[in-house]
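J.: Starting from these lines, generate the structure:
(one chain, ligands or ions: 1)
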Amino acid sequence: MNPAHETAHDPAHETAGGAAGTTADAFHRVYGTHADGVWAAPGRVNLIGEHTDYNDGFALPMALPQATRVAARRRGDGRLRLHSDRFDAGVVELEVAALAPGAVPGWARYPAGVVWALAEAGHPVGGGADLHVDSTVPTGAGLSSSAALECAVAVAFDELYGLGLTRPELARTAQRAENAFAGVPCGIMDQMASLCCTEGAALFLDSRTLGHHRVPFDLAGHGLRLLVIDTRVQHDLADGAYAGLRAGCERAAALLGLTALRDLPAEELPAALTALPAELAPLVRHVVTENARVTEAVDRLSAGNPAALGPLLTAGHASLRDDYRVSCPETDLAVDTAVAAGALGARMTGGGFGGSVIALTPEDRADRVAAAVTAAFAAAGYGPPALLTATPSAGAGRLAG
Ligand code: GLA
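T.: The predicted structure follows:
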């Protein structure tokens, strides 16, 4: 085993009661009273379908075993108290009625944003709650730690207040929290993945309708491993680059007379590319070919051939690198090295500008691939990447209590 391969704290290997118990105990230590329950929501990797969600397109994410847990107790006096082991030692004290975009700084804006979005939509959550949060999802790694936090809070409030919202409704609420309250212009994929994924499967997502279904993804049964290589290059979706790409896609769709780029059929792509300004054409080429790669990936998985995903992953990376231009030297090096060392395919996952790479490898080559990437990073003068193994895990839900 490669010594650089972290044995991540893996909630899938704990009993649900064990993981929930730790979070519930911490809640008790912080607030001096028992939680009403413990809820969890996972991080994700996206197998294919990147920068398609805000173009009404397709994606194929899967949930990670790494998850965010929220122990919560309903209050009745309108106060919202938030505590996290991860970010700081203190309890953040807020009033539900006073929540407003821009008013809450730091990590607390994600859980507070969910409560704000629920209240704003007319749901009766005004009584507030006490929350304690812990998480095994790495932050800043492009693995959707913020969506995991939002979605854990969303499912907790849904049950605490008996709201009865559907998963897509909860996903829209979490996205609204991130867009309007936290100021990050993300699409819907991360929240849908965290809320709707199922164990042993990827999730096909139609971002226009939020229609989704499970696509079995049996890695172990096919002698495969999905490595996650966190380059440890921090990305920041709020820095304007992501918003700029979104705006470019929307402008291209408008110029083509379409509601969204999802509506451009592949056979009309060549004509569209010649009609568009030079800076927009590569964006459109990426979105249209990426949607086709998602459909093809679903076909290959449905035919029981997960190894055949490999070339689609590598082609998707080339498109993100050359057309969409959201890769960076570290992600390119991780992809090229993984493939040269025997991975079936590899690509950056998530928004880009750093973050993580996924590499699909035969189990018996996985350690060699991991060691090769670690060595290549050292030779290039980069800090060591963090390595995880991704197994398709369950979406958000109540753990216990
Ligand atoms: C980030 C966003 C998602 C999606 C991806 C790119 O993860 O949060 O909505 O746009 O980037 O596919």
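J.: Could you use CA atoms for every contact and neighbour count after this?
T.: Fine.
J.: name the element Thr259 belongs to?
T.: Under DSSP states H and E, no helix or strand contains Thr259.
J.: For the stretch 101-250 of the chain, which segments are assigned as strands?
T.: 128-135, 201-206, 212-216, 224-230 (DSSP state E, counting those that start in this stretch).
J.: Other residues contacting the first one?
T.: Same thing as strand 128-135. 23, 26-27, 30-31, 66-86, 95-96 (CA atoms under 8 Å, 6 or more residues apart in numbering).
J.: Who are the contact partners of the residue of the stretch 301-401 of the chain at minimum distance from the ligand?
T.: Nearest residue of the stretch 301-401 of the chain to the ligand (CA to the nearest ligand atom) works out as Gly351 at 3.3 Å. By CA under 8 Å, 6+ apart, Gly351 lies in contact with Glu50, His51, Gly142, Leu237, Tyr242, Val326.
J.: Serialize those to TSV and add fields for neighbour count and pLDDT.
T.: Listed next are these as TSV, based on neighbours: other CA atoms under 10 Å; pLDDT from 0 to 100:
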residue	neighbour count	pLDDT
Glu50	29	98
His51	29	98
Gly142	31	94
Leu237	17	58
Tyr242	20	94
Val326	21	96
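J.: From the recorded domain assignment, give the ranges for the protein.
T.: 3-216, 220-390 (automatic domain parsing).
J.: Ala148 contacts Pro65, correct?
T.: No. Counting by CA atoms under 8 Å, Ala148 stays clear of Pro65, with 11.5 Å between them.
J.: Within range of the ligand, give me the residues from the stretch 301-401 of the chain.
T.: Counting by CA under 6 Å from any ligand atom, the positions of the stretch 301-401 of the chain adjacent to the ligand are Gly350, Gly351.
J.: Flag the shaky bits of the stretch 301-401 of the chain, pLDDT-wise.
T.: 400-401 (pLDDT under 70).
J.: where do the helices sit along it?
T.: Using DSSP state H, counting those that start in this stretch, the helices of the stretch 301-401 of the chain run over 310-319, 329-340, 366-379.
J.: The first one relative to helix 329-340, how many degrees between them?
T.: Orientation check (axes from the mean of the first three to the mean of the last three CA atoms, to 10 degrees): helix 310-319 against helix 329-340 gives 150 degrees.
J.: CA atoms only for helix 310-319 - export them in PDB, please.
T.: Presented in PDB, the C-alpha positions along helix 310-319 are these (Å, rounded to 0.1, in the frame of the first residue of the first chain):
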ATOM      1  CA  GLY A 310     -12.300   5.200 -18.700                       C
ATOM      2  CA  PRO A 311     -11.900   6.700 -22.200                       C
ATOM      3  CA  LEU A 312     -15.000   9.000 -21.600                       C
ATOM      4  CA  LEU A 313     -13.300  10.400 -18.400                       C
ATOM      5  CA  THR A 314     -10.100  11.200 -20.200                       C
ATOM      6  CA  ALA A 315     -12.000  12.700 -23.200                       C
ATOM      7  CA  GLY A 316     -14.000  14.800 -20.700                       C
ATOM      8  CA  HIS A 317     -10.800  16.100 -19.100                       C
ATOM      9  CA  ALA A 318      -9.400  17.100 -22.500                       C
ATOM     10  CA  SER A 319     -12.600  19.100 -23.200                       C
END
